[in-house]
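> sharing a sequence plus its predicted fold:
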Amino acid sequence: MREPFDQQALSELIPHAITRVLKESSIAVLATLVEAAQGVGAKLLVEETGARTGSLTDASLDDAAAHHATLFLASREQARTFKVEELGGVSAEWRAARVLFERIAPEPRLVICGAGHVGAALALLARTLGYRTTLIDDRADFLTRERFPYEDIELILARSWTDALRESVGRGRGVAVAVVTRGHNEDEECVRAAAIARPDYIGLIGSKRRTNIVLERLRLAGADETLLRNIRAPIGLDIGAVSPAEVALAILAEVVAERRGGTGAPLSAWRRKADMKE
């Protein structure tokens, strides 16, 4: 006979597990039973490693939710409710139930290398979108509170671009890096350091020629080809940006699209396709 679940005891473990996941810059799925004949409110936390905390009150339901959590994380959705029958592998008594999946992830962060016109505009714009922002430069007069009066924009004076970037990126989860420095050498050092840290996004500003020079230097230095292919260079979406603020908008639009799983295509594209079929 199966031992009954002590749901209250299990639920009390989940907040501590979530806190640990976030401190480790990891990700997880919180599954909550929101509609069922019994056990509504039961929770199961499934970490990307497969570790579990809590229970939805049924072992087969836990197994199905844990399996589906991997697919949910890959989708980059933030929250979605599933019918249990969509999960598969559960007994008939649960098929009418519903489970809410929520993504647990660190707050989004943007690390910007270069505090010139574009870097400054990007830091200010990212802040308004809720990104925890770090701005790095090797010029002290570019990193003043007169230019950036908001304490939630972290300013780091780089004695070494590599050291400053690695410390800022940390484990890389939930972090986007925008390299918008003033020259090839600074670009190369920042991109190399960022690639080692493996953040979710790396973008490099510049013309095709300038970015190709930097990437080729890294290639000749032995950089992993897979990493190089994942670098967005030139950085940003094509919106015809000209001014620093517009360039910042193009960059942040790509960062958001990468984070949310967007395509960057016009939302009206479906209407054009429908009109063409008529």
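Perfect, thanks for sending it.
> which stretches of the protein have low pLDDT?
Applying pLDDT under 70 to the chain flags residues 1-11, 274-278.
> ok, the residue nearest the centre of it to Val247 distance?
Geometric centre of the chain, nearest residue: Gly174, 3.6 Å, by C-alpha atoms, centre = their mean. Noted for Gly174: a distance of 23 Å to Val247, by C-beta to C-beta, to the nearest Å. Glycine gets a C-beta too; all of them are placed from N, C-alpha and C.
> next: Glu85.
Distance of Glu85 to Val247, given as C-beta to C-beta: 48 Å.
> looking at those two, which one has more neighbours?
Higher neighbour count among Glu85 and Val247: Val247, with 20 against 14, using other C-beta atoms under 10 Å.
> wait, what's in contact with the residue nearest to the centre of the chain?
For Gly174, the contact set (C-beta atoms under 8 Å, 6 or more residues apart in numbering) comprises Ser25, Ala105, Pro106, Glu107, Pro108, Arg109, Asp200.
> phi, psi for it please.
Backbone torsions for Gly174, taken as degrees, to the nearest 10, come to phi 80, psi 10.
> can you start the count at 39 instead of 1 from here on
That works, and once the first residue is 39, the last one we named lands at Gly212.
> any idea how far the closest residue to it other than its chain neighbours lies from Arg90?
In space, and not counting its chain neighbours, Gly212 is closest to Pro144: 3.9 Å by C-beta to C-beta, 6 or more residues apart in numbering. Separation of Pro144 from Arg90 (C-beta to C-beta): 20 Å.
> that's a strand at Leu51, yeah?
No. Leu51 sits outside any strand when classified using DSSP: H, G, I helix; E, B strand; the rest coil, being helix.
> tell me where the stretch 189-316 of the chain has helices.
For the stretch 189-316 of the chain, the helices defined by DSSP state H, counting those that start in this stretch occupy 199-207, 222-235, 246-258, 263-267, 282-298, 307-315.
> same list (these) but as CSV, adding distance to Gly77.
Shown next, in CSV, are the helices of the stretch 189-316 of the chain (distance: least, C-beta to C-beta, whole Å):
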stretch, distance to Gly77
helix 199-207, 41
helix 222-235, 42
helix 246-258, 53
helix 263-267, 44
helix 282-298, 32
helix 307-315, 40
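> so which of those is nearest Ala75?
helix 282-298 (35.1 Å; C-beta to C-beta).
> who touches the closest one?
For helix 282-298, contacts defined as C-beta under 8 Å, 6+ apart pick out 114, 146, 148, 155-156, 158-160, 162-164, 167, 169, 214, 216, 218, 238-239, 241, 243, 270, 273-279, 300-302.
> just the CA coordinates of that helix, formatted as CSV?
Extracted in CSV, the C-alpha atoms of helix 282-298 (Å, rounded to 0.1, in the frame of the first residue of the first chain):
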residue,chain,number,x,y,z
PRO,A,282,22.2,55.5,-31.0
ALA,A,283,18.8,55.1,-29.4
GLU,A,284,17.5,53.4,-32.5
VAL,A,285,20.5,51.0,-32.6
ALA,A,286,19.9,50.3,-28.9
LEU,A,287,16.2,49.5,-29.7
ALA,A,288,17.3,47.1,-32.5
ILE,A,289,19.7,45.3,-30.1
LEU,A,290,17.3,45.0,-27.3
ALA,A,291,14.6,43.7,-29.7
GLU,A,292,16.9,40.9,-30.7
VAL,A,293,17.8,40.2,-27.0
VAL,A,294,14.1,39.9,-26.1
ALA,A,295,13.4,37.7,-29.1
GLU,A,296,16.2,35.3,-28.2
ARG,A,297,15.0,35.2,-24.6
ARG,A,298,11.3,34.7,-25.4
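> buried set for that helix?
282-283, 285-294, 296-297 (16 or more other C-beta atoms under 10 Å).
> and which of these is nearest to Phe110?
Of the buried residues of helix 282-298, the one sitting nearest to Phe110 (C-beta to C-beta) turns out to be Arg297, at 15.5 Å.
> so Pro272 touches Lys246, yeah?
Yes. Between Pro272 and Lys246 a contact is recorded at 6.5 Å, counting by C-beta atoms under 8 Å.
> ok, Leu253 - contacts?
Contacts for Leu253 (C-beta under 8 Å, 6+ apart) come out as Val229, Leu242, Leu266, Ile269, Ala271.
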